[in-house]
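Mind folding the following:
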Amino acid sequence: MKAVIPAAGMGVRFLPLTKDMPKEMLPVVHKPTIQYVVEEAVAAGIEDILIITGRGKRSIEDHFDRSMELENVLGNNGRQKELDEIKRVANMATIHYVRQKVPRGLGDAVLLAKQHVGDEPFAVMLGDTINLSAVPVVRQLMGVQAKMGGSVIAVEPVAREKVRDYGIIKGESISDGLYEIEELVEKPAPEDAPSNLGITGTYVLSPRIFDCLERTPPGRGGEVQLTDALRLLSQEEKVYGLQFQGRRYDIGDKLGWLKTTMELALDDPELGPPLQEHLRALMARRS
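This is a model prediction of the structure:
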């Protein structure tokens, strides 16, 4: 299976930080956000990855490329651990790139993968969403798709006040945590939402989604919404929602990014203990 990682958004909610830095390259403890996404795909057995980029995103390509100058410096200075790590990052997958020349939304970005993906099911993993789980979330979706066919979307309950930030599904429960989707709504008002199950940014999709995307007119914000195309797809074949096992970290805004960085830093065996001590002292001074 191939994976598509849309990473063409302009990161407006992070300005001015993202004026010259892609949102997907924001650091979370030891590495940029998008590296977590690529590593999840690789852990699930996916080695062919297409990243959809845009203007100003060249640093993503550079991050997953070899840097002979840096490798030479590290080698000459005996920094073997760091040298091994940057070589690992450069070699862990075959990564291709396509540019979204005009920012026309997530659906349009996924459509750009049509030629690369072909006629097989494929994964879509957002470049600003980190999943941590014993079994990679995308692998959990792959397992359902292999058994049930159709397409599978990762979902989780979201707070009422957050409903308007998500695509929301309505579905019939067919087993523990698995739903056959009956309706999808893009960013509804809380009073109009069909449930509290939000689409979290990881998908395994049938190639029929491309035909649906081509028939999907621009919607909210003048953008082609993937949720709208999934609504069309659900009328033609089965689309499932899986309440996955694991923890999702949303890097979509500044507060989410800061919370994620803090939590994962506290979990780090080297950084966690001194950071926790610092936070205790900081909170004591502020109380």
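
And I52, its phi and psi?
For I52, the backbone dihedrals (degrees, to the nearest 10) come out as phi -90, psi 120.

From M148, how far out is it?
According to Cβ to Cβ, to the nearest Å, I52 stands 27 Å off from M148. Placement of C-beta: from N, CA and C, glycine included.

So between the two, which is more surrounded?
Neighbour count, other Cβ atoms under 10 Å: between I52 and M148, I52 has more, with 26 against 16.

Beta-bridge partners for that one, please?
Counting by DSSP bridges, I52 is bridged to P6, V98.

what about the helices in the chain?
For the chain, applying DSSP state H gives helices covering 33-43, 58-63, 68-76, 80-91, 106-111, 114-117, 137-148, 209-214, 226-234, 254-267, 272-286.

for the first one, packing partners?
Think helix 33-43. Helices and strands touching helix 33-43, as assessed by 3 or more Cβ pairs under 8 Å, 6 or more residues apart in numbering; DSSP states H and E, comprise strand 2-6, strand 48-53, helix 58-63, strand 122-125, strand 129-132, helix 137-148.

Tell me the strands beside the fourth one, with direction?
Each strand pairing with strand 122-125, determined using DSSP bridges, is listed with its direction: strand 2-6 (parallel), strand 197-205 (antiparallel).

Quick one: residues in contact with that strand.
Contacts of strand 122-125 from elsewhere in the structure, counted by Cβ atoms under 8 Å, 6 or more residues apart in numbering, are 1-6, 37, 40-41, 44, 46, 110, 113, 138, 141-142, 201-205, 207, 226.

do the same with the fifth one
Residues from elsewhere that reach strand 129-132, judged by Cβ under 8 Å, 6+ apart: 28, 33, 36-37, 40, 137-138, 154, 200-202, 244, 246-252, 260.

what pLDDT does G221 get?
The per-residue pLDDT reported for G221 equals 74.

how close does the nearest residue to it once chain neighbours are set aside get to A159?
Of all residues beyond its chain neighbours, the one nearest G221 is G105 (7.2 Å), with distances taken as Cβ to Cβ, 6 or more residues apart in numbering. Here G105 is placed at a distance of 25 Å from A159 (Cβ to Cβ).

Looking at the two, which is more packed in?
Taking neighbours as other Cβ under 10 Å, G105 and A159 compare with G105 leading, 24 against 10.

surely the more buried one meets E223?
Yes - contact criterion Cβ atoms under 8 Å: G105 and E223 qualify, at 2.7 Å.

ok, A134 to Q140 distance?
Here the distance between A134 and Q140 works out to 10 Å (Cβ to Cβ).

How about I60?
Between I60 and Q140 the distance, using Cβ to Cβ, works out to 26 Å.

mind checking pLDDT for the residue most central in space within the chain?
Nearest to the mean C-alpha position of the chain, by Cα atoms, centre = their mean, lies L126 at 2.4 Å. pLDDT recorded at L126 is 94.

low pLDDT regions in the stretch 1-150 of the chain?
Along the stretch 1-150 of the chain, no part satisfies pLDDT under 70.

do that again at 90, thanks
9-15, 17-20, 55-56, 102-104, 128 (pLDDT under 90).

so who does V102 touch?
Remark: with contacts taken as Cβ under 8 Å, 6+ apart, V102 is in contact with D108.

and the gap between the closest residue to G252 other than its chain neighbours and I60?
The spatial neighbour of G252 that comes closest, neighbours along the chain excluded (Cβ to Cβ, 6+ apart), is D128 at 5.7 Å. When Cβ to Cβ is the yardstick, D128 and I60 sit 12 Å from each other.

M21 too?
If you measure M21 against I60 using Cβ to Cβ, the figure is 10 Å.
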